[in-house]
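K.L.:
pasting a predicted model and its sequence here:
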Amino acid sequence: MEFAMQSDRSRLRELEIRVANPQHWSSGEHQINVENLRQLRFQIEDQLKKLRQQT
């Protein structure tokens, strides 16, 4: 689980950078990056909730 969270954090950071710099992407690619970031944030939050419930 720790590796998955670390991987998610790396992906999260990458997507945050992509979304913060839309000039490097086409409009369609930017929208995909925004949606992927939204979904990843939701997924990470869900994982954290599950971890908190276990303790």
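P.N.:
Perfect, thanks for sending it. Residues are numbered from 1 along each chain as shown.
K.L.:
off-centre distance for stretch 17-25?
P.N.:
In this view, stretch 17-25 has its centroid 14 Å away from the chain centroid, taken as CA atoms, centre = their mean, to the nearest Å.
K.L.:
in that stretch, what counts as buried?
P.N.:
Under the neighbour-count criterion of 16 or more other CB atoms under 10 Å, stretch 17-25 has 18-19 buried. For the C-beta atoms, the positions are set from N, CA and C on the backbone; glycine is no exception.
K.L.:
ok, residue 16 to residue 42 distance?
P.N.:
Computed as CB to CB, to the nearest Å, the residue 16 to residue 42 distance reads 15 Å.
K.L.:
ugh, wrong one, residue 34
P.N.:
From residue 34 to residue 42 the distance is 13 Å (CB to CB).
K.L.:
between those two, who's got more neighbours?
P.N.:
residue 34 (14 against 10; other CB atoms under 10 Å).
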